[in-house]
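> sequence and predicted structure are below.
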Amino acid sequence: MTRLVNRDRSLEELERDRWSAPSGGETRLMAAVRELRRKPIGGLTVEDMRLLIRQDVGLAYLPPLAVEVLQNDPLAEGDMYEGDLLAAVLTRSAEVWREIPELGRDVRLIVSELAEVPPALKHDIEGFLAR
């Protein structure tokens, strides 16, 4: 499907980009993102992936991992609502899907096999399929 990645490495290591310490106040969200970038990607939870993907962080590495989860559980849930990981994946820019077209096909298949679409996902699915 996509390139193999060492899941024992963090986004910081994979991207070779260590974020400097904030010079001033930092939101709780950005502090969480900063910390998650240091965690090995193989140890990221559904919620961790949802949060990072929603913030457009690690998009060269995380969508394939998220799709693996979604293939087993299309409505995998982080801390927000049923299907929130799928929503995070579906709402990434078209550029993400141009970079890894086979992943987009996998997501289309996952969506097409949903027996019932939760109301919170309908708009995101329609937007993704319209691309």
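All right, it came through fine. Numbering: from 1, shown residues only.

> where's the residue positioned nearest the centre of the chain, which helix or strand?
The centroid of the chain falls nearest to Ile53 when counting by CA atoms, centre = their mean (3.7 Å). Ile53 belongs to helix 46-54 when elements are defined using DSSP states H and E.

> quick one: distance of that helix to the chain centre.
Relative to the chain's own centre, helix 46-54 is displaced by 5 Å; criterion: CA atoms, centre = their mean, to the nearest Å.

> residues in contact with it?
If you take CB atoms under 8 Å, 6 or more residues apart in numbering as the criterion, helix 46-54 is touched by 11, 29, 32-33, 36-37, 39, 44, 58-59, 62-63, 65-66, 69, 76-80, 84-85, 88-89, 91-92. Heads up, the C-betas are built off the backbone N, CA and C, glycines and all.

> what's Phe128 sitting at in phi/psi?
phi -70, psi -50 (degrees, to the nearest 10).

> number of residues surrounding it?
Per other CB atoms under 10 Å, the neighbour tally for Phe128 reads 21.

> surely it meets Arg105?
No: using CB atoms under 8 Å, Phe128 is not in contact with Arg105; the gap is 12.0 Å.

> in helices, which of the contacts of helix 46-54 fall?
11, 29, 32-33, 36, 62-63, 65-66, 69, 84-85, 88-89 (DSSP state H).

> and which of the residues you listed is nearest Ile110?
Val89 (8.9 Å; CB to CB).

> what about the nearest residue to that closest one once chain neighbours are set aside, how many neighbours?
Closest residue to Val89 apart from its sequence neighbours, by CB to CB, 6 or more residues apart in numbering: Ala66 at 5.2 Å. Neighbour count for Ala66, taken as other CB under 10 Å: 23.

> try Glu68
There are 12 residues near Glu68, going by other CB under 10 Å.

> do Pro40 as well
By other CB under 10 Å, neighbour count at Pro40 equals 14.

> ok, Gln71 next?
Neighbours of Gln71 using other CB under 10 Å come to 14.

> in this structure, where is pLDDT below threshold?
1-3 (pLDDT under 70).

> how does it look with 90?
Along the chain, segments meeting pLDDT under 90 span 1-5, 19-28, 31, 94, 97, 99-100, 131.

> just the buried ones from the contacts of helix 46-54, in ChimeraX syntax?
To isolate the buried members of the contacts of helix 46-54 in ChimeraX, using 16 or more other CB atoms under 10 Å:
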select :11,32,33,36,37,44,58,59,62,63,65,66,69,76,78,84,85,88,89,92
